[in-house]
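Novice: Structure of the sequence below:
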Amino acid sequence: RDLRMSRGLGDVYKRQVMHCYRCDAALEPWLSEQWFVAVDKLKGPALDAVNSGKVTFHPARWTQTYTTWMENLKDWCISRQLWWGHRIPVFYCEDCGWEDALTEDTDVCPKCGGHHVHQDENVLDTWFSSQLWTFATQGWPQKPELLEGHHPTTALVTARDIIALWVARMVMSSLYFLDEVPFKDVVIYPTILAKDGSRMSKSKGNGVDPMDLIGMYGADAMRYNLLTLCTNNQDVKFDANIDKKTKQLIDSPRTEQAKSFVTKIWNASRFLLMNMEGYTPGEPVVETPADAWMFSRLAKAVKMVTEGIENYTFGDMARGVQQFFWNEVCDWYVEVTKARLKGEGRLQAQRMDIGCQRFTALPAELGGEIRGVEAQRRRNGAQRKLAGKVQADVAERFLHGLGAAAVRVVAHQAAVAAQHLQAQTVRFHGVG
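Specialist: Prediction:
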């Protein structure tokens, strides 16, 4: 607002005055006594914990945000003039001027015995209470034995805008009270923005109600779509189209695509259940080159999912699972099993040797990517095009190109993978 000086001075000065976001009243500074936490002895160990690798940020670039804030940290004001919160445990005696912090409430002055004692009316900063979360919720300090086996935790998953407000202070308090870090990994998840790149807000009406997405596409499709959005870019534009007048959800192409994947899983499961007659549980056995190839791809998928979980690259992991299940399990292996279930026999080694002559070289990797197989088929003058559903004979021709030598290598990979399949259950398809 303009501050116009009295007539004669002539100049017009502009100044910024804070206003209440609710009633628009001007906010004026008011000097008062506040409680502070001295951070000189706290920030050093917290900074060393990250620099030494005891606490690791994922993605790593957020380490700089943490260290920069910690290096420039000033004494922390923890007084808040609010109605609700944890009251500051400091007591005052009006008779003798005594004041001290106590762990138990008192109405008698320990110095003079007077009864004119009152507690500080300010409450603690929210983040002061929150910094104690990792150990105060598990019996500390009354029953510290409850912390055994539960502290420190493995990972903290949070947003980037509270790295300084919460993450750094949890590290400081845990090192001060327990002499150990509260967690080993800090995973910073992406911020979901509106389609135009702005922050989702109730006042703007550009937010997306998860219940609307569930009602339109299903819970599994919504969860899987959100999982694929977990990238290192941090800012992710959600593609939901919102009606500007009614503020209602119109559609979400990415969630619709995720629904197609969920439907693919459903259809493949139905196919499996319809062909369970005569099945008896047992160890996986490589009976055909198709089985060998599939076990090879499964072993690779197991490795990909394990690395994705350990490295917190959930988006890459989710997209890899879809590629494995859709492009390899459904488009190739399921089609091959259809022919076997019809009693057409199994692929024979000699047929594969003859078929090997049709290719001049193997695909880039054993089992091959679909695009590599299609390119190889075109180079050999194949006229058939892969359009729509992959047919069983196309899958067979693909397997013919492996050759007997390749089958032996893939069979060895399959045997190694089979040894691990009995010991662990990998839920590739149970998204959510």
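Novice: Just list what the helix or strand hosting Thr306 packs against, helices and strands only.
Specialist: Applying DSSP states H and E as the criterion places Thr306 in helix 289-310. Using 3 or more CB pairs under 8 Å, 6 or more residues apart in numbering; DSSP states H and E as the contact test, the elements touching helix 289-310 are helix 314-322, helix 392-400, helix 403-421. Just so you know, the C-beta spots here come from the backbone N, C-alpha and C atoms, and that holds for glycine as well.
Novice: mind running it again at 6 Å?
Specialist: Using 3 or more CB pairs under 6 Å, 6 or more residues apart in numbering; DSSP states H and E as the contact criterion, the elements in contact with helix 289-310 are helix 314-322, helix 403-421.
Novice: In terms of mean pLDDT, which of the ones you listed ranks lowest?
Specialist: When mean pLDDT is averaged over each of those, helix 403-421 scores lowest at a mean of 38.
Novice: so who does Met200 touch?
Specialist: Contacts were defined as CB atoms under 6 Å, 6 or more residues apart in numbering; by that measure Met200 touches 194, 206-207.
Novice: Glu180 now?
Specialist: With contacts defined as CB under 6 Å, 6+ apart, the neighbours of Glu180 are Pro152.
Novice: if we go to 8 Å?
Specialist: For Glu180, the contacting residues are 151-152, 174, by CB atoms under 8 Å, 6 or more residues apart in numbering.
Novice: Neighbour-wise, which one of those residues leads?
Specialist: Tallying neighbours with other CB atoms under 10 Å puts Ser174 at the head of those, with 25 neighbours.
Novice: Give me the neighbour count for the nearest residue to it once chain neighbours are set aside.
Specialist: In space, Ser174 comes closest to Pro182 once its chain neighbours are excluded; the distance is 3.9 Å by CB to CB, 6 or more residues apart in numbering. When neighbours are defined as other CB under 10 Å, Pro182 has 24 of them.
Novice: gap between Pro182 and Pro141?
Specialist: 15 Å (CB to CB, to the nearest Å).
Novice: now do Lys54
Specialist: When CB to CB is the yardstick, Lys54 and Pro141 sit 23 Å from each other.
Novice: what's the answer for Lys204, then?
Specialist: As for Lys204, its distance to Pro141 is 45 Å (criterion: CB to CB).
Novice: and which of the contacts of Glu180 is nearest to Val108?
Specialist: Ranking those by separation from Val108, with CB to CB as the measure, puts Ser174 on top at 34.8 Å.
Novice: Could you report the neighbour count for the residue nearest to Gln234 when sequence neighbours are not counted?
Specialist: Nearest-residue entry for Gln234: Pro190, 4.8 Å, with adjacent residues in sequence omitted and distances by CB to CB, 6+ apart. Applying other CB under 10 Å, we find 17 other residues in the vicinity of Pro190.
Novice: Wait, Pro190 touches Lys237, no?
Specialist: No. Between Pro190 and Lys237 there is no contact, the gap being 10.3 Å when judged by CB atoms under 8 Å.
Novice: where exactly do the helices run in the stretch 201-350 of the chain?
Specialist: With DSSP state H, counting those that start in this stretch as the definition, the stretch 201-350 of the chain shows helices at residue ranges 210-217, 219-228, 253-273, 289-310, 314-322, 335-341, 349-356.
Novice: same deal with the stretch 1-150 of the chain?
Specialist: Ranges of helices in the stretch 1-150 of the chain, per DSSP H, counting those that start in this stretch, are 40-51, 62-71, 126-130, 133-136.
Novice: out of these, deepest packed?
Specialist: Burial of the helices of the stretch 1-150 of the chain is given as mean neighbour count (mean count of other CB atoms under 10 Å); helix 133-136 ranks first at a mean of 19.
Novice: Please name every helix or strand in contact with it.
Specialist: helix 168-177.
Novice: Who are the packing partners of the helix or strand just after the helix it packs on?
Specialist: Following the chain from helix 168-177 toward its C-terminal end, the next helix or strand by DSSP H and E is strand 183-188. Counting contacts by 3+ CB pairs under 8 Å, 6+ apart, strand 183-188 packs against strand 56-58, strand 153-158.
Novice: I'd like to know the average pLDDT value across stretch 19-32.
Specialist: On average, the pLDDT along stretch 19-32 is 87.
Novice: Show me which parts of that stretch are buried, residue by residue.
Specialist: The neighbour-count check on stretch 19-32 (16 or more other CB atoms under 10 Å) flags nothing as buried.
Novice: export it as CSV, just CAs?
Specialist: Coordinates of each C-alpha in stretch 19-32 appear next as CSV, following Å, rounded to 0.1, in the frame of the first residue of the first chain:
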residue,chain,number,x,y,z
HIS,A,19,-2.0,-8.9,6.3
CYS,A,20,-4.0,-11.7,7.8
TYR,A,21,-5.0,-14.2,5.0
ARG,A,22,-8.4,-14.6,6.7
CYS,A,23,-9.6,-11.1,7.6
ASP,A,24,-7.1,-9.0,5.8
ALA,A,25,-6.2,-7.0,8.9
ALA,A,26,-2.8,-5.4,9.0
LEU,A,27,-0.2,-7.4,11.1
GLU,A,28,2.2,-5.3,13.2
PRO,A,29,5.4,-6.5,14.9
TRP,A,30,5.1,-7.0,18.6
LEU,A,31,8.3,-7.5,20.6
SER,A,32,7.9,-10.2,23.3
